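[1] Pasting a predicted model and its sequence here:
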Amino acid sequence: MSPRYSMAVDTRRCVGCNACVIACKEENALPPGAFRDWIATETKGVFPHLQQEIRSERCNHCARPPCVRVCPTGASHVNAGGTVLVSPRKCTGCSACITACPYDARFINPKGYADKCTFCLHRVKQGQEPACVASCPTRALAFGDLGDPQSPVARALRARTPKVLKAETGTEPHVFFTR
């Protein structure tokens, strides 16, 4: 049975330091101004009773990815492990996938193709964690095979109540946020 790669972000631990963003940018040699992950801050409540949530966000590697459905060339596809990837050689840069993504997780690389988080599959295949996970000083990020009960992500999801972003879209994202 193939793995189902997923990530959990512990919003109690994320301090918005941007270590994940910088590690991703360096690991994947991203061009200036381009990012595959980012830090989002959400404040809720009414003063003086406010709550703030800091999240490391990226492509949600959805089980039902709208970006794949709308891609006219098949460049956007679901890979083994459930990761949503882009084949640069097939991509025309039409931006249909960018428009379809409810998470704003894609951009057009200056080389002309859609670009996004890959969960650093090149590292995962070598038994390493994605660069963002490996660099997190507070260990707010957990990654692994959701089907393996001993994986860091499965343990993180058992320990806390998970939520997903924009559940109403029906995309079935595989990046979870816990408190």
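    Sure thing, it's come through.
[2] Let me see the ranges of the strands in this structure.
    5-10, 37-46, 49-58, 76-78, 84-86, 107-108, 114-115, 141-145, 162-163, 175-178 (DSSP state E).
[3] can you put these in CSV and add mean pLDDT?
    Compiled in CSV, the strands of the chain are given as follows (pLDDT from 0 to 100):
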stretch, mean pLDDT
strand 5-10, 98
strand 37-46, 96
strand 49-58, 95
strand 76-78, 98
strand 84-86, 98
strand 107-108, 97
strand 114-115, 98
strand 141-145, 98
strand 162-163, 96
strand 175-178, 97
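[4] Of these, which stretch is the most buried?
    strand 5-10 (a mean of 25; mean count of other Cβ atoms under 10 Å). Placement of C-beta: from N, CA and C, glycine included.
[5] Give me the contacts around that one.
    55-58, 61, 81-83, 119, 124, 130, 133, 139-146, 152-153, 156-157, 160, 162, 174-179 (Cβ atoms under 8 Å, 6 or more residues apart in numbering).
[6] what angle separates that strand from strand 49-58?
    Using axes from the mean of the first three to the mean of the last three Cα atoms, to 10 degrees, the inter-axis angle of strand 5-10 relative to strand 49-58 is 150 degrees.
[7] Would you list the strands that strand 5-10 pairs with, along with their directions?
    If you go by DSSP bridges, strand 5-10 pairs up with strand 141-145 (antiparallel), strand 175-178 (parallel).
[8] and these as TSV, adding distance to Ala105?
    Formatted as TSV, these follow (distance: least, Cβ to Cβ, whole Å):
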stretch	distance to Ala105
strand 141-145	16
strand 175-178	9
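[9] Tell me which of those strands lies nearest to Glu42.
    When the strands paired with strand 5-10 are compared by Cβ to Cβ, strand 175-178 sits nearest Glu42, at 10.3 Å.
[10] what's the offset of the closest one from the middle of its chain?
    Taking Cα atoms, centre = their mean, to the nearest Å, one finds strand 175-178 lying 10 Å from the centre of the chain it belongs to.
[11] can you list the residues that contact it?
    Outside strand 175-178, the residues touching it (Cβ under 8 Å, 6+ apart) are 6-12, 53, 55, 57-61, 153, 156-157, 159-165.
[12] if we can go back for a sec, for Arg69, find the nearest of the strands of the chain.
    Closest approach to Arg69 among these is made by strand 76-78 (8.7 Å; Cβ to Cβ).
[13] can you redo the strands of the chain as TSV with distance to Val68?
    Output for the strands of the chain, formatted as TSV (distance: least, Cβ to Cβ, whole Å):
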stretch	distance to Val68
strand 5-10	16
strand 37-46	20
strand 49-58	17
strand 76-78	5
strand 84-86	6
strand 107-108	17
strand 114-115	11
strand 141-145	21
strand 162-163	23
strand 175-178	16
